[in-house]
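[1] predicted coordinates and the sequence they were generated for:
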Amino acid sequence: MDGVPLPRLHFTPRAGEAGEIIGVVRSGGRYQLFYETPDGWGQATSDDLVLWWEQPVADPLPEQFRTGTPGEVPIGDAPSVLTPREGARGPQLFPLDGVWVLLADASYAVGDYDGRTFTPQTRGVFGRGRLGRVVTFADAAGRRCALAQLPGPAGAFSLPWVLSVRARTLLATPHPHLDPYLTSGATGLTATGGEVRDNGELILRMPAGGETLVVTDADIVEVTVEGVSGVGAARRSIAGFSGVRVARFA
């Protein structure tokens, strides 16, 4: 609508019809984002994971993304089994900070992997609120990063996050490439005990923990809580300023 601020750093395809995120790879010194569209799939490229440029689709979808499942991983005896949504692409298994992480949609497990069997030891929730499918990848510095689909009419994608494991919990922090774009302040938003409110209206509930980090861009809100796994996402009823603004709440 005319006069409504649009997200500046949350990539949105021009047609506004992005489906599920497929994956991110680094090739030729640039990052390539692949996502589903009504006609097949779309592609965007970036030098820093923050500013993305939509590209014409000319080449076939990379082989690693065609099945969505890199291989069968038997799940050992454990207190949990992660089950992806019906129709979703397969779970992702990767090493991180001396352990192995199995991520399936919004859920994850941390455990051991012997090359054939993954044995979970702890589990948790990674995506909360309106955070869609999460894909992980390694950036140029070797950091394990994450990017997610944000459901909604705009068809936008999340900001980049860096993953880490502490006390068998999968944590996320803003990618350092975001630093030059951040502006302090998020007018109208508050966060207490994990509850994020927009001018008094509850828009996202996160588990209580330490400092709550709230990042906004127009109507998009992304949230992490210190010591709490994952990322939460929500939409504001009245959009704020375009461009990434960050607020920290004790």
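    Received the coordinates, thanks.

[2] what's the local residue count around the residue lying closest to Asp47 once chain neighbours are set aside?
    Leaving aside its sequence neighbours, Asp47 sits nearest to Arg30 (Cβ to Cβ, 6 or more residues apart in numbering; 5.9 Å). C-beta: built from backbone N, CA, C; applies to glycine. Burial of Arg30 is recorded as 13 neighbouring residues (other Cβ atoms under 10 Å).

[3] got it, and Arg133?
    23.

[4] so for it, what's the pLDDT?
    You'll see Arg133 listed with a pLDDT of 89.

[5] do Phe65 as well
    Note on Phe65: pLDDT of 83.

[6] likewise Gly23?
    For Gly23, pLDDT reads 93.

[7] distance from the chain centre to the host helix or strand of Ala146, please.
    Following DSSP states H and E, one finds Ala146 within strand 144-150. Between the centre of strand 144-150 and the centre of its chain there are 3 Å (Cα atoms, centre = their mean, to the nearest Å).

[8] quick check: mean pLDDT of the next helix or strand after that strand?
    Remark: after strand 144-150, the chain's next helix or strand is strand 156-157, criterion DSSP H and E. If you average the pLDDT over strand 156-157, you get 91.

[9] who does the next helix or strand after strand 156-157 touch, helix- and strand-wise?
    Next helix or strand after strand 156-157 toward the C-terminus (DSSP H and E): strand 161-166. In this structure, strand 161-166 packs against strand 92-96, strand 99-104, strand 144-150, strand 169-174, with contacts taken as 3 or more Cβ pairs under 8 Å, 6 or more residues apart in numbering; DSSP states H and E.

[10] quick one on the thing from earlier: quick check: the gap between the residue nearest to Asp47 and Gly115.
    Distance, Arg30 to Gly115, by Cβ to Cβ, to the nearest Å: 32 Å.

[11] if we can go back for a sec, specify the beta-bridge partners of the residue nearest to Asp47.
    Taking DSSP bridges as the rule, Arg30 bridges to Ser27.

[12] how about the contacts made by it?
    Residues near Arg30 by Cβ atoms under 8 Å, 6 or more residues apart in numbering: Thr45, Ser46, Asp47.

[13] which among those residues end up buried?
    Buried subset of those (neighbour count, 16 or more other Cβ atoms under 10 Å): Ser46.

[14] taking the contacts of Arg30 one by one, which sit in strands?
    Counting by DSSP state E, the contacts of Arg30 place Thr45, Ser46 in strands.

[15] so which of the contacts of Arg30 is the closest to Phe241?
    Phe241 lies nearest to Ser46 out of the contacts of Arg30, by Cβ to Cβ, at 22.3 Å.

[16] show me what that closest one is bridged to.
    Tyr31.

[17] one step back: out of the helices and strands packed on strand 161-166, indicate the one that is most buried.
    strand 144-150 (a mean of 23; mean count of other Cβ atoms under 10 Å).

[18] beta partners for the residue positioned nearest the centre of the chain?
    Central residue of the chain (Cα atoms, centre = their mean): Ala148, 3.2 Å from the mean position. Using DSSP bridges, the bridge partners assigned to Ala148 are Val134.

[19] cool, Phe118 as well?
    Ile75, Tyr113.

[20] is it true that it touches Val110?
    No: using Cβ atoms under 8 Å, Phe118 makes no contact with Val110, being 10.1 Å away.

[21] which neighbours do these two share?
    Shared contacts of Phe118 and Val110 (Cβ under 8 Å, 6+ apart): Trp100.

[22] any stretches of the chain with poor pLDDT?
    Applying pLDDT under 70 to the chain flags the ranges 1-4, 16-17, 58, 67-73, 75-79, 81-89, 153-154.

[23] quick one: the helices in it, in order.
    In the chain, no helices are defined using DSSP state H.

[24] thanks a lot, catch you later.
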